[in-house]
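> Just need the structure, nothing else, for what follows:
(chains A and B, ligands or ions: 3)
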Amino acid sequence: MNWKQLFSTSVGKKLQMSLTGLFLILFLVVHCYVNAQVFRNDGGKSFNAYAHFMGTDYIIRTIEIGLFAFLFIHVIQGLVLYFRNRSLRNVRYAVSAGNKTSHWYSRSMALLGTLILLFLILHLSTFWGPNRYSQTIGNGELPLYDMMKDDFSQLWVVIVYVLGCFALSWHLVHGFYSAFQTLGLGTFRYKAAIKFVGVAFAIIIPLIFALMPISFYLNWIN
Amino acid sequence: MEHYNMNLTLKVWKQKNKNEKGRFETFNVKNISSEMSFLEMFDVLNEQLVAEGKEPIAFDHDCREGICGMCSMYINGRAHGPWHHTTTCQLHMREYKDGDTIVVEPWRANAFPVIKDLVVDRTSFDRIIQAGGYISVNTGNAVDANALPIDKQRADESFAAATCIGCGACVAACPNASAMLFVSAKVSHLALLPQGEPERKMRVVNMIEQMDKEGFGSCTNIGACEAECPKGISLENIARLNREYIGATFSGSAQHE
Ligand code: HEM
Ligand code: SF4
Ligand code: FES
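Ligands and ions are numbered 1, 2, ... in the order given. The predicted structure is shown next:
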């Protein structure tokens, strides 16, 4: 087995992008399902129950370490590939094809990814970080539902979250299909189906995420 | 369609050699017939330049019938101009009208250094082929073609991949300067046939290694290559290349002979 190729060649690195990207997609499904508990509108009972499980279960916490490792690989490898690719055309075109031969979001994966990363830093430092900190120093779990209500009563926070969801959506419109193509599964027979499921996923999941802060802000749930 | 003549302004990349910096120069051409090919328009311009005692513009061409892949020109932001599935020699002046300005650049990628004006060095493609894009056959009598059954669908897919003319439009059009469409066509056309089987795994590994070494980018599945390829080589081939590579990686094939 030439597994070293996975780390040394461009196709190997792309395979890492694809597998970590698909893992992040799986994570989004779980995260979205848990978050969607707020729409039960039961004053946070279901949500807090799920949040408690996700924050304390040993298996979940172990997977969480893997999640961060995969996210780290995805970000670093993505940026490494991006900067290498950019360095391979020293003289740029005076006139470029623009949208005539490709979609802007397909060309903007690194930019969209970086926007997602900035959003993630903000997002993790408001909820995940403080909660784990409080757990670790022994003060117990934080009341995440109430924190969310507080946070999402501010318009700028809601706007930032919605923008984060937009970036995620466009990243996935290309990324979902791209991951399958990288794995060699983008064959004629399935291409249309994969593209369709990818676009549907890229719309539905970020939309559910975006509806949370919006719903809190507009008092649809409380 | 009606024939007509036109006057055009051309902004063409002029560059003395690999090391010197290039720049755009503006030329005016008169009375270009709508029936001319794009290269014939350049012939007219070059004759005009020679008559004026100036140096003609260097550009690559050979067959002028869309099969050799030499005529690399990046025209108004498009590889081989705006026509679908067309090389520059097959692009005709009826695309343009009197008074148009056309910007003509060479393929731009570090792996395709400019030799002069619009001529680029594509020997990086040759070295990728040398790394594995062949089958080893002992000399002697040719085997009876019918002795080796190949199912129709495979034969068709292989043939479609084999139509790649190595023009480099895919690299030129790719924001990542990636050669994956070219390499995938060459890998596919042999991987699909029994003759390609013995060297199948080594081939893909060695060709990818050479592709990286030559300084081509990685594929982000953008698809500009497929849109610009004069031979309609499909992204399907890149999926197949990835499959071949994954197969070779996890099955313990030797990398080099
Ligand atoms: C939950 C968040 C994310 C998900 C679900 C996700 C998913 C994906 C997927 C599925 C791909 C396609 C992989 C392929 O083409 O084989 C991809 C590509 C990419 N992602 Fe992400 N991603 C996320 C976050 C990020 C972040 C934070 C960055 C930070 C820079 C990033 C940067 C990139 C880049 C640059 C690519 C293109 C890589 C290439 O094709 O070479 N992504 N992403
Ligand atoms: S794949 Fe198409 S664009 Fe690329 S070298 Fe072959 S014929 Fe030219
Ligand atoms: S000159 Fe041969 S393809 Fe154009």
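> burial of the nearest residue to residue A:142 once chain neighbours are set aside, as a residue count?
If the residues on either side of it in the chain are set aside, residue A:142 comes closest to residue A:131, at 4.8 Å by Cβ to Cβ, 6 or more residues apart in numbering or on different chains. The C-beta positions use only the backbone N, C-alpha and C, and glycine is treated the same way. A count of nearby residues for residue A:131, using other Cβ atoms under 10 Å in any protein chain shown, gives 19.
> Now the helix or strand containing residue A:131: buried residues?
Here residue A:131, judged by DSSP states H and E, is contained in helix A:129-136. Within helix A:129-136, the residues scored as buried using 16 or more other Cβ atoms under 10 Å in any protein chain shown are A:131-132.
> which SS class is residue B:28?
strand (DSSP: H, G, I helix; E, B strand; the rest coil).
> My error: substitute residue B:20 in the last question.
Residue B:20 ends up coil, using three-state DSSP.
> List the contacts of residue A:208.
With contact set as Cβ atoms under 8 Å, 6 or more residues apart in numbering or on different chains, residue A:208 has these partners: A:32, A:35-36.
> If we use 7 Å, what do you get?
Going by Cβ atoms under 7 Å, 6 or more residues apart in numbering or on different chains, residue A:208 touches A:32, A:36.
> And it, which helix or strand is it part of?
helix A:188-217.
> follow-up on the earlier one: what is the mean pLDDT for the helix holding residue A:131?
Mean pLDDT, helix A:129-136: 92.
> again with stretch B:157-165
The model assigns stretch B:157-165 a mean pLDDT of 97.
> so what's residue A:48 up against?
A:144-145.
> In a strand, it, correct?
No - with three-state DSSP as the criterion, residue A:48 is assigned helix and is not in a strand.
> I'd like to know how far it sits from residue A:144.
According to Cβ to Cβ, to the nearest Å, residue A:48 stands 7 Å off from residue A:144.
> Identify the residues contacting the helix or strand harbouring residue B:187?
Remark: residue B:187 resides in helix B:180-191, with elements defined by DSSP H and E. When contacts are defined by Cβ under 7 Å, 6+ apart, helix B:180-191 is touched by residues B:125, B:128-129, B:133, B:135, B:158, B:161-162, B:164, B:166, B:170-171, B:196, B:200, B:203-204, B:207-208, B:211, B:219, B:225-226, B:229, B:233, B:237-238, B:240-241, B:244.
> residues in contact with the closest residue to ligand 2 within chain A?
The nearest approach of chain A to ligand 2 comes at residue A:101, 11.8 Å away (Cβ to the nearest ligand atom). By Cβ under 7 Å, 6+ apart, residue A:101 lies in contact with B:173, B:224, B:227-228.
> Out of those residues, which comes closest to residue A:27?
Distance to residue A:27, by Cβ to Cβ, is smallest for residue B:224 among the contacts of residue A:101, at 30.5 Å.
> Any idea how many residues pack against that closest one?
25.
> next one: residue B:80
28.
> try residue B:26
Count around residue B:26 with other Cβ under 10 Å applied: 10.
> what about the residue nearest to it when sequence neighbours are not counted, distance to residue B:59?
Spatial nearest neighbour of residue B:26, excluding adjacent residues (Cβ to Cβ, 6+ apart): residue B:11 at 5.4 Å. From residue B:11 over to residue B:59 the distance is 14 Å, taken as Cβ to Cβ.
> now do residue A:107
For residue A:107 relative to residue B:59 (Cβ to Cβ), the value is 28 Å.
> Same question for residue B:101.
Applying Cβ to Cβ to residue B:101 and residue B:59 gives a distance of 18 Å.
> Confirm that residue B:164 sits in a helix.
No - counting by three-state DSSP, residue B:164 is not part of a helix but coil.
> Near the closest residue to it other than its chain neighbours, how many other residues are there?
Once flanking residues are discounted, residue B:164 sits nearest to residue B:185: 3.8 Å by Cβ to Cβ, 6+ apart. By other Cβ under 10 Å, the residues close to residue B:185 number 26.
> Nearest to chain B within chain A, name that residue for me.
Minimum separation of chain A from chain B (Cβ to the nearest Cβ) falls at residue A:184, amounting to 3.2 Å.
> What residues does that residue make contact with?
So residue A:184 contacts B:239-240, B:242-243, B:246 (Cβ under 7 Å, 6+ apart).
> For stretch B:60-68, measure first residue to last.
11 Å (Cα to Cα, to the nearest Å).
> What are the buried residues along that stretch?
Here stretch B:60-68 shows B:60-61, B:64, B:66, B:68 as buried, counting by 16+ other Cβ under 10 Å.
> any idea what sits nearest the most centrally placed residue in chain B, other than its immediate chain neighbours?
The residue lying closest to the centre of chain B (Cα atoms, centre = their mean) is residue B:167, at 1.8 Å. Once flanking residues are discounted, residue B:167 sits nearest to residue B:69: 3.4 Å by Cβ to Cβ, 6+ apart.
> ok so the one you found is a strand residue?
No - counting by three-state DSSP, one finds residue B:69 to be coil, located in no strand.
> Which parts of stretch A:42-62 count as buried, going by neighbours?
So stretch A:42-62, judged by 16+ other Cβ under 10 Å, has buried residues A:44, A:46-48, A:50-51, A:54-55.
> show me where the stretch 51-200 of chain B has strands.
In the stretch 51-200 of chain B, the strands defined using DSSP state E, counting those that start in this stretch lie at B:74-75, B:78-79, B:101-105, B:114-116, B:119-120.
> Repeat that for chain A.
For chain A, applying DSSP state E gives no strands.
> Poorly predicted segments of it, please.
A:1, A:186 (pLDDT under 70).
> Stretch A:99-112: end-to-end distance?
Terminal-residue distance, stretch A:99-112 (Cα to Cα): 17 Å.
> how about the residues of the stretch 1-150 of chain B near ligand 2?
Along the stretch 1-150 of chain B, the residues adjacent to ligand 2 under the rule Cβ under 6 Å from any ligand atom are residue B:69.
> OK, now which residue of the stretch 1-150 of chain B is nearest to chain A?
Closest point on the stretch 1-150 of chain B to chain A, by Cβ to the nearest Cβ, is residue B:77, at 3.8 Å.
> mind checking how far that residue is from residue B:209?
Distance from residue B:77 to residue B:209, by Cβ to Cβ: 32 Å.
> Do I have it right that residue B:219 meets residue B:178?
Yes - the criterion here is Cβ atoms under 7 Å, and residue B:219 meets it with residue B:178 at 4.9 Å.
> Which one (most neighbours) among the contacts of residue A:101?
residue B:173 (29 neighbours).
> and the gap between that one and ligand 2?
8 Å (Cβ to the nearest ligand atom, to the nearest Å).
> repeat for residue B:239
14 Å.
> And ligand 3, is stretch B:78-89 touching that?
Yes - remark: stretch B:78-89 sits within contact range of ligand 3 at B:87-89, by Cβ under 6 Å from any ligand atom.
> In that stretch, which residues are buried?
Under 16+ other Cβ under 10 Å, the buried positions of stretch B:78-89 are B:78-81, B:83, B:86-89.
> tell me the average confidence for that stretch?
Rounded mean pLDDT across stretch B:78-89 is 97.
> distance between the ends of that stretch?
14 Å.
> ok so, going back, can you give me every residue that contacts the residue nearest to the centre of chain B?
Counting by Cβ under 7 Å, 6+ apart, residue B:167 has contacts B:69, B:72, B:87, B:230.
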